[in-house]
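Participant: Fold the following.
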Amino acid sequence: MDLLISGGLLVTMDPEFRIIEDGAIAVEGDTISAIGKRADLEGRIRAAKTIDARGAIIMPGMINGHMHAAMSLFRGVAEDRSLDDWLRNYIFPAEARNVTEDFVLWGTRLGVLEMLRGGVTCYADMYYFEDTVAQVTKEAGMRGVLGETVLDFPAPDNKSPDAALAYCEKYIDKWKGDPLVTPAVAPHSIYTASNDTLIKTAELARRKGVPILMHIAEAPFETELSRARHGGSPVHFLETFGFLGPDVVGAHCVWLDAADIATLLKRRVGTVHNPSSNMKLASGIMPVVQLLHAGVPVGLGTDSAAANNNQDLFQEMNLAAKLQKVSRMDPRALTARETVEMATIGGARALHMEGKIGSLETGKQADIVLTGLGATHSTPMYDVYSQLVYALNAHDVLTVVIAGKIVMEVRVMYTMDKPLILAKAHEYQRKVAASLIAPPPV
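Facilitator: Sure, this is the predicted structure:
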């Protein structure tokens, strides 16, 4: 074998939710080849490299189901605003003044570095210059479902929806079939893309056989706009012209009624909960419990660092569980195990990738994270799911393996130059700050 990780508390997230004490996992190439007790595997397996996981949790790599990696360079640019105000009056103007291919290169490197150091092994991205995002992701050894954004108004990389769709087609042709990068088409939302643009993006995605990423029913203004223009909710509107399907991943999905949930289930749409972003922008609370009970796949995402302001999926697990409990006044509303499921195999289901990633099972991709248990805030431990959701954070992640390759070991990055990335981020901070328009008086 190429790699043996041995001696940790192994959290599989498989269909039986097996937890193996003093467990071990063997990797051959990019694939998990064996899982079991340390004594059993060590007795019959010799590996080129062995990682001692004693005192750590061995878990599936976490999946960040929705974010905009390059927006890490806009962290903290515009605070304490509603989504509509934040986007139109601050973020879109800041992007028009600053976003170039080089900006996306370094912003994505910063975002990917932060995610990897926090145990995220796969992420879904929506932004501009997505070919550059794909190159950075591949360089870092990370897995990504990466969507080129399509808008009706000029974007930093393409000045019309037709230009964006032409870019998408070339981008898809270049990356489709890559073992780490899954290219996607990403119409931004129903309020930034016309019916005609949405139809064209869906047609392109289905002709090429790639996913569709989109913000759906994120905030009250979007629902109000949809009802005024289209006579129904955003989900109802998208259903009227055949947009929804098992290739669609809907980010946010906050403002849903029972009919919307039934439609999402019928069309096998994946959904992604972004608790920090939705709380900070006062967009609302996703009906996670209703979606899960209905059988709709629900993953977990951070959204961009401009809306969050970090990429810590442990924080998102913590908030996701607590938000459902307090909003429903029921401490059992969303359990710790269900929340870990959303960050792992549930996220894989939402991205329609559960056959490949999301759990530690023989034959699946070797996306594996070791999380330490030696800190004061993680001592003692009685329940591993509780520990992951309520006690641990991104800084507890020790080692990250993606497709069988070690990208970080005991906090040492092997695939990314942290000092250079931070230096470039500081350089861009000065440029962005100089470009900002003074906010309007309150």
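Participant: wait, is E148 part of a strand?
Facilitator: Yes: with DSSP: H, G, I helix; E, B strand; the rest coil as the criterion, E148 is assigned to a strand.
Participant: how does this protein divide into domains?
Facilitator: What automatic domain parsing lists as the domains of the chain is 3-60+366-413, 62-350.
Participant: mind checking the end-to-end distance for the first one?
Facilitator: End-to-end distance of domain 3-60+366-413: 18 Å, with Cα to Cα, to the nearest Å as the criterion.
Participant: D80 looks like it's in a strand, true?
Facilitator: No: counting by three-state DSSP, D80 falls outside a strand, being coil.
Participant: separation between it and K280?
Facilitator: Separation of D80 from K280 (Cβ to Cβ, to the nearest Å) stands at 8 Å. Bear in mind the C-beta positions are built from the backbone N, C-alpha and C, glycine included.
Participant: any weak-confidence spans in this protein?
Facilitator: For the chain, applying pLDDT under 70 flags the ranges 437-442.
Participant: Closest to the centroid, which residue in it?
Facilitator: For the chain, N64 is the residue whose C-alpha lies nearest the centre (Cα atoms, centre = their mean; 2.0 Å).
Participant: Need the three-state assignment for it.
Facilitator: Per three-state DSSP, the local secondary structure of N64 is strand.
Participant: Same check on P15?
Facilitator: coil.
Participant: neighbours around it, how many?
Facilitator: A count of neighbours around P15, defined by other Cβ atoms under 10 Å, yields 9.
Participant: So for D80 and K280, which residue has more residues nearby?
Facilitator: Legend: neighbour count by other Cβ under 10 Å for D80 and K280, higher for K280 (18 against 10).
Participant: Enumerate every residue touching the more buried one.
Facilitator: By Cβ atoms under 8 Å, 6 or more residues apart in numbering, the residues touching K280 are 307-308.
Participant: What helix or strand is the residue nearest to S33 when sequence neighbours are not counted located in?
Facilitator: Nearest residue to S33, sequence neighbours excluded (Cβ to Cβ, 6 or more residues apart in numbering): A26, at 5.0 Å. Element membership for A26, per DSSP states H and E: strand 19-28.
Participant: Give me the buried positions along that strand.
Facilitator: Neighbour-count burial for strand 19-28 flags 20, 23-27 (criterion: 16 or more other Cβ atoms under 10 Å).
Participant: I'd like to know which of those residues is nearest to T339.
Facilitator: I20 (20.7 Å; Cβ to Cβ).
Participant: which SS state does the closest residue to the closest one other than its chain neighbours fall under?
Facilitator: On the basis of Cβ to Cβ, 6+ apart, the spatially nearest residue to I20 that is not a chain neighbour turns out to be L10, at 4.1 Å. With three-state DSSP as the basis, L10 sits in strand.
Participant: L10 contacts I32, correct?
Facilitator: No: the pair L10 / I32 is not scored as a contact, 11.3 Å apart, by Cβ atoms under 8 Å.
Participant: Need the residues touching each of the two.
Facilitator: 25, 360.
Participant: neighbour count winner among the two?
Facilitator: Taking neighbours as other Cβ under 10 Å, L10 and I32 compare with L10 leading, 27 against 23.
Participant: How much space separates the more buried one from G358?
Facilitator: For L10 relative to G358 (Cβ to Cβ), the value is 15 Å.
Participant: residues near E427, how many?
Facilitator: 12.
Participant: Start at 2, not 1
Facilitator: Okay, residue one is now 2; in that scheme the one you just asked about reads as E428.
Participant: Okay, it and Y91: tell me how far apart.
Facilitator: Applying Cβ to Cβ to E428 and Y91 gives a distance of 21 Å.
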